[in-house]
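Participant: pasting the sequence and the predicted coordinates here, then a few questions.
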Amino acid sequence: MPNITLSVDERIIKQVRKIAIERNTTLTAMVREYLERTAAARDESARKKNLATLKRSFGRLSRDMGKRSWRRDDLYD
């Protein structure tokens, strides 16, 4: 797993380390979880956007074919 280096004010680091201890985790784990959630949210957002686009396309391109007057078995005759 690759490492990253961040520059963060020492006061912030101390505050977040205290929060991590309260949550029974580490600062590194909190940062990792945040990055994973951010990436997942973007993936979910893209999925929802693509689904909405697909639904609009179906609505725009679909046509009423009328009542079905055939049976599946008729297709093989």
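Facilitator: Received, thanks.
Participant: Arg68 and Leu75: what is the separation?
Facilitator: Arg68 sits 12 Å away from Leu75, taking Cβ to Cβ, to the nearest Å as the criterion. For glycine as for every other residue, the C-beta is placed from the backbone atoms N, C-alpha and C.
Participant: next one: Arg37
Facilitator: In terms of Cβ to Cβ, Arg37 sits 49 Å off from Leu75.
Participant: ok, these two, which is more surrounded?
Facilitator: Arg37 (10 against 7; other Cβ atoms under 10 Å).
Participant: tell me the predicted confidence for that one.
Facilitator: For Arg37, the model assigns a pLDDT of 91.
Participant: residue closest to the middle of this protein?
Facilitator: Against the mean C-alpha coordinate of the chain, by Cα atoms, centre = their mean, the closest residue is Glu44 at 2.1 Å.
Participant: which positions in the host helix or strand of that one come out as buried?
Facilitator: Counting by DSSP states H and E, the element that carries Glu44 is helix 27-61. Of all the residues in helix 27-61, those buried under the rule 16 or more other Cβ atoms under 10 Å are Leu27.
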